[in-house]
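Student: Build me a model:
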Amino acid sequence: MLHLSITEHIQSTMRLFADDSIIYREIKNICDHTLLQQDLISLCEWAETWQLNFNISKCYHLGITNKVVPFSHNYLMNDIVIAKSASTKYLGVTISHNLNWNQHCDNICSKANSMLGLLRRVLSDCSMDVKSKAYTTLVRPQLEYACSVWNPYTKRNIHQIELVQHKAARFVFRDYSNFTHVTPMLKHLDWDTLEQRRLSHQLSMFYKIQQGLVGISLPSEVCPLTRASRAPNAFPFRHIQTNCNVYKYSFYPSSIVAWNKLPILMDTFPLTNSIMSTLISMISLL
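Tutor: Numbers count the residues shown, from 1 in each chain. Now for the predicted structure:
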């Protein structure tokens, strides 16, 4: 039978984006290993039918688990073992086997610092306004891309990212002295901390999911509270209880904690730029 779609006979979950794809499955037992391997065989059969070739040298097997003794299995494509990796980049975000964001933060900070270094060389004699615009246009987006997904909670990552903005502030003021403080510079530029901005982006995405403004559905574990008096927000959600920090600080659990601290404002009006500005000010008080 001719396979028209690449996902036609796939039992696992598969995501496609341009020429990039990912297939994944929760592994509970050996049967799940077998089903995932069968899906890989189906993919190879589809490629052969349409006279296409997977570049297996660029394919990686990433196992995400917090088990002390995780399941181990070798997966094959065209009788070639898929290389195992401790981390991989997908759509610009580096995902590690333990969902630690150290490597991703290292990568984006390295790129942002390189761009900032270029701006220092090219725009050294420009006005403060031009330098500030250059940072917010060319550097800061590199530090915030998809941050709703990977918003870090460790002091190491938070400080590492903020340090890039501190360097940018000194670049704008052309002040690199060890005897001056960067805090007044940030206040003069009216730059919110990147930690505040990430939380703002995260809550904005949570709001859009609630309102059906994006193609993402709320998972079953996200439940509204029946008694609104437990939170200042008009529509609070039940906190998701977990002892695992990786999950505790992931998108939904951490968004709910912050969301429940917000006033009625976010549930009463549409999400606009002015409301987002107000939201950022609120976040500093959380």
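
Student: what's near enough to touch the residue nearest the centre of the chain?
Tutor: Nearest to the mean C-alpha position of the chain, by CA atoms, centre = their mean, lies Val149 at 2.5 Å. Val149 makes contacts with Val93, Phe251, as judged by CB atoms under 8 Å, 6 or more residues apart in numbering. Backbone N, C-alpha and C define where each C-beta goes, glycine included.

Student: which element is it on?
Tutor: If you go by DSSP states H and E, Val149 is part of helix 147-150.

Student: buried sites along that helix?
Tutor: Residues of helix 147-150 classed as buried: Cys147, Ser148, Val149, Trp150 (neighbour count, 16 or more other CB atoms under 10 Å).

Student: Repeat that for stretch 237-252.
Tutor: Phe237, Ile240, Tyr247, Tyr249, Ser250, Phe251, Tyr252.

Student: distance between the ends of it?
Tutor: With CA to CA, to the nearest Å as the measure, stretch 237-252 spans 10 Å from end to end.

Student: what is the mean pLDDT for that stretch?
Tutor: Average pLDDT, stretch 237-252: 90.

Student: what do you get for stretch 17-24?
Tutor: The model assigns stretch 17-24 a mean pLDDT of 87.

Student: just stretch 257-269 next, same as before
Tutor: 69.

Student: cool, and stretch 145-163?
Tutor: Stretch 145-163 shows a mean pLDDT of 95.

Student: got the end-to-end distance for that stretch?
Tutor: 17 Å.

Student: which ones are touching the residue lying closest to Phe237 once chain neighbours are set aside?
Tutor: Distance criterion CB to CB, 6 or more residues apart in numbering; nearest residue to Phe237, sequence neighbours excluded, is Ile256 at 4.6 Å. Counting by CB under 8 Å, 6+ apart, Ile256 touches Phe206, Val222, Phe237, Arg238, His239, Ile240.

Student: phi, psi of Ile256?
Tutor: Ile256 adopts backbone torsions of phi -60, psi -40, taken as degrees, to the nearest 10.

Student: show me where the stretch 51-200 of the chain has helices.
Tutor: Secondary structure of the stretch 51-200 of the chain (DSSP state H, counting those that start in this stretch): helices at 102-122, 128-134, 140-144, 147-150, 155-173, 183-189, 194-210.

Student: Okay, and which of the contacts of Ile256 map to helices?
Tutor: Phe206 (DSSP state H).

Student: just to revisit the earlier point, from the buried residues of stretch 237-252, pick the one nearest Cys109.
Tutor: Nearest to Cys109 among these: Tyr249, at 19.3 Å, using CB to CB.

Student: any idea how far the residue nearest to the centre of the chain is from Leu62?
Tutor: 16 Å (CB to CB, to the nearest Å).

Student: now swap in Tyr75 and tell me
Tutor: In terms of CB to CB, Tyr75 sits 11 Å off from Leu62.

Student: State the number of residues packed around the nearest residue to Lys167 once chain neighbours are set aside.
Tutor: Ranked by CB to CB, 6+ apart and with sequence neighbours excluded, the top spatial neighbour of Lys167 is Leu116, at 6.0 Å. Counted by other CB atoms under 10 Å, the residues lying close to Leu116 total 20.

Student: switch to numbering from 648
Tutor: In the new count, where the first residue is 648, that last one comes out as Leu763.

Student: Go ahead and confirm Leu763 touches Tyr782.
Tutor: Yes - counting by CB atoms under 8 Å, Tyr782 is a contact partner of Leu763 at 7.2 Å.

Student: who touches both of the two?
Tutor: Here Leu763 and Tyr782 have Ala815, Phe818 as joint contacts, going by CB under 8 Å, 6+ apart.

Student: how far does stretch 783-797 stretch from start to finish?
Tutor: Terminal residues of stretch 783-797 lie 20 Å apart, using CA to CA.
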